[in-house]
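Colleague: only geometry, no sequence info:
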């Protein structure tokens, strides 16, 4: 697929740079010109755009993922078919800048058990949310698990997803099993079908890879790997990584069982077991549900929680009478210490006055809590989110709620266009006093540095000039140069005048001087051969063609310089190439005087012999019009 960087898709999404390419589509970082935000645009390869089955799957990917709302799932924002410009079926997604779990495994595997829980919990939580509404991912693998720069973990690419929300089950066309073979469950290999337990199987393979740094099955062909999925069990985790807790090894062994019925039924069950293991390994860990790695809470649960919250204060007051009217009593079977006075066990009622005072105290305490909160926030307003707005728009928005906007700082930004708000202080959502000042951080756009002309500078000087501009020297290469003296820069990459990001690397090419090459003699050899070989060797060849009575036509008569062990590559070599003997035609000199005839013949390179004593030429031999070599003898007779 051709690089579409610079294309405007659907008159809205400006493709800025390529992020990745897969079997079905390519992904670009793009600017949503309507909302001034960075997004990722996934574009189907053109040769698939005419395939209705592929287009249908591509669109179902958007619908499947759009049905999910979870902090650990890459969100879908738009989908369409570009009608103007480059034909393209596309999906617009949340842009996640960072790396993948594959990168993490390649660099750090085997992971510690703490790192395993850190990265695995959000993934399983995301899948649990998907399974809850009937969506199966079908392509869980490290490449589809993204890790943002801030550490957030997100599951991407529900391209093979299937579920009740997107219609009938997707089956693999032409008996080709969809998905990555290293993570396919046995039922996918054998029957081409998948359910939530297939995702659990793939999760188990991913965990195995996180803890060992390698896949459980290998083979020279995909068929060999698929065969092992069906006929073999994964190796014992603890034999490869002895630091793996037995409980984790048991869970992964169960998750990768060949029979789906022997696995956890879905990601939610897997998650419950995983958290139980985590709590057992580290009992001090909090067991509360965290927003960033759990499925969304159902609205019914939220409603119940709200109702419980509303009655808490009332319940507390209602129970006050009962709680304060009792004093703890000794149990009936409590033994009396020997020699101690008898203890009278009875329930003592508190006086009405004490009960009243305690009730008043509790009410006052609650009033202080809620009243203090109200007083603290009285006269304060919430700062709206201003990110992405122009300075003028932001000023107008805060003015509507009685605030004033000021420019606090202008900085460069790779993501926010020039003149737009990057952030504010206080940040959006924070409280500020009425008539307060909100300081805006404004984007100056992308910072770019122009590569200076460093040609014919020494590497040291060039390096210093680059450092002064905030750039770094990358590689230093040496090359021969006929124009630049040895030890000086011949060229740079990126080229002079290019615009690059700060801290970019610039490669320097430094002259080794003129290259020395041997020069052979071509005298007596063919002129065409000499021209070809000398030119290929890098010489500047100047041929001249001359007549020769001694050298055959086309052969080299002479060469300057003739030959040398080493000469400068690119130096001039002059070749004299034979045109063979020179011929002339004998001119007509009949009736001319002896002197005139002799002059005409000699001017043509001929030798003249005169016979007779007359005043005019009466005959010539060879006869006029004959073709003879230059230097031939011609006899004229006078009469």
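Modeller: Everything's here; your move. In this text, all values refer to a predicted model and were calculated from it rather than measured experimentally.

Colleague: please make it C-alpha for all contacts and neighbour counts, starting now.
Modeller: Fine.

Colleague: tell me what the closest residue to residue 410 other than its chain neighbours is bridged to.
Modeller: The shortest distance from residue 410 to any non-neighbouring residue, by CA to CA, 6 or more residues apart in numbering, is to residue 442 (4.7 Å). With DSSP bridges as the criterion, residue 442 is bridged to residue 410, residue 421.

Colleague: and residue 442, how many residues sit next to it?
Modeller: 27 (other CA atoms under 10 Å).

Colleague: pLDDT wise, what is the closest residue to residue 568 other than its chain neighbours at?
Modeller: Take residue 568 and drop its neighbours on the chain: the residue closest to it by CA to CA, 6+ apart is residue 516, 4.8 Å away. Here the pLDDT value assigned to residue 516 is 89.

Colleague: for residue 516, give me its contacts.
Modeller: Going by CA atoms under 8 Å, 6 or more residues apart in numbering, residue 516 touches 566, 567, 568, 569.

Colleague: which SS state does the first one fall under?
Modeller: Under the three-state scheme (DSSP: H, G, I helix; E, B strand; the rest coil), residue 566 adopts strand.

Colleague: residues contacting residue 604?
Modeller: Residue 604 sits next to 584, 586, 630 when contact means CA under 8 Å, 6+ apart.

Colleague: doesn't residue 380 make contact with residue 431?
Modeller: Yes. Using CA atoms under 8 Å, residue 431 makes contact with residue 380 at a distance of 6.0 Å.

Colleague: got the domain boundaries for this protein?
Modeller: Listed domain ranges for the chain are 8-94, 99-281, 381-443, 449-511, 516-578, 584-638 (source: automatic domain parsing).

Colleague: just the strands in the stretch 151-300 of the chain please.
Modeller: Per DSSP state E, counting those that start in this stretch, the stretch 151-300 of the chain carries strands over the ranges 153-155.

Colleague: one more: the stretch 1-150 of the chain?
Modeller: Under DSSP E, counting those that start in this stretch, the stretch 1-150 of the chain gives strands at 8-9, 13-21, 25-32, 37-44, 76-82, 88-94, 98-100, 145-148.

Colleague: ok, the longest one: who's next to it in the sheet?
Modeller: Under the criterion DSSP bridges, strand 13-21 sits next to strand 8-9 (antiparallel), strand 25-32 (antiparallel) in its sheet.

Colleague: and the ones you listed as a markdown table, adding distance to residue 213, mean neighbour count and mean pLDDT?
Modeller: As requested, these are exported to a markdown table (distance: least, CA to CA, whole Å; neighbours: other CA atoms under 10 Å; pLDDT from 0 to 100):
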| stretch | distance to residue 213 | mean neighbour count | mean pLDDT |
| --- | --- | --- | --- |
| strand 8-9 | 40 | 22 | 89 |
| strand 25-32 | 27 | 22 | 91 |
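
Colleague: mind giving me TSV with the ones you listed and columns for distance to residue 98?
Modeller: Putting the strands paired with strand 13-21 into TSV (distance: least, CA to CA, whole Å) gives the following:
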stretch	distance to residue 98
strand 8-9	24
strand 25-32	12
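
Colleague: among these, which is nearest residue 618?
Modeller: For residue 618, the closest of the strands paired with strand 13-21 is strand 8-9, at 93.1 Å, according to CA to CA.
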